[in-house]
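In: here's a sequence, model it:
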Amino acid sequence: HTGSNRVAIDDLSWTCFAPLSTSETAKEKSFNIYPNPIKNNELSVKGENLSKISKAEIYDLSGKLIESIANPFKNSNKINLHGIAKGVYILKTDHSSAKFIIE
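Out: Numbers count the residues shown, from 1 in each chain. Here you go, the predicted model:
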């Protein structure tokens, strides 16, 4: 029976949230979220090269992915947050992240 109980693992991926900085002074942060806290279910972003961002992800503070948006700023600088509960979240883009609050 040697070698008959082999285990194959493909597509193994590991996601680590440690580098997800919530520090407001992170130097690589290339955008600002306003208004923060958000009251109207609409997150507006101000920054350079927003249209080049290929993906935006919204995480809760436990690291759970709430929403993923492809080319989020292709046509505007806003993200619709309808259906997302009040709380503190992290918006992570290709190279940076920022914390925001939904009231």
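In: what comes up buried for stretch 47-54?
Out: Gly47, Leu50, Ile53 (16 or more other C-beta atoms under 10 Å). The way it works is simple: take the backbone N, C-alpha and C, and place the C-beta from them, glycine included.
In: ok now do the last one, which residues does it touch?
Out: If you count contacts by C-beta atoms under 8 Å, 6 or more residues apart in numbering, Ile53 has them with Asn71, Pro72, Phe73, Thr93, Asp94.
In: for Asn32, see how far away the last one is.
Out: So the one you mean is Asp94. Counting by C-beta to C-beta, to the nearest Å, the gap from Asp94 to Asn32 is 16 Å.
In: ditto for Ile53
Out: With C-beta to C-beta as the criterion, Ile53 and Asn32 are 14 Å apart.
In: swap in Ala70?
Out: Taken as C-beta to C-beta, the span from Ala70 to Asn32 is 22 Å.
In: and these two? Which one has more around it.
Out: Taking neighbours as other C-beta atoms under 10 Å, Ala70 and Asn32 compare with Asn32 leading, 12 against 9.
In: give me the pLDDT for the closest residue to that one other than its chain neighbours.
Out: Sequence neighbours aside, Lys46 is the residue nearest to Asn32 in space, at 4.8 Å (criterion: C-beta to C-beta, 6 or more residues apart in numbering). Lys46 is assigned 91 on the pLDDT scale.
In: likewise Lys39?
Out: Note for Lys39: predicted pLDDT of 89.
In: before we move on, what about Asn5?
Out: Here the pLDDT value assigned to Asn5 is 67.
In: how many neighbours does the nearest residue to Gly87 once chain neighbours are set aside have?
Out: Spatial nearest neighbour of Gly87, chain neighbours left out: Ile102 (6.0 Å); criterion: C-beta to C-beta, 6+ apart. Using other C-beta under 10 Å, Ile102 has 18 neighbouring residues.
In: pull the contacting residues for Phe31.
Out: So Phe31 contacts Val45, Lys46, Gly47, Glu48, Leu50, Thr93, Ser96, Ala98 (C-beta under 8 Å, 6+ apart).
In: which of the residues you listed sit farthest apart?
Out: Using C-beta to C-beta, the pair of the contacts of Phe31 lying farthest apart is Glu48 and Ala98, separated by 14.2 Å.
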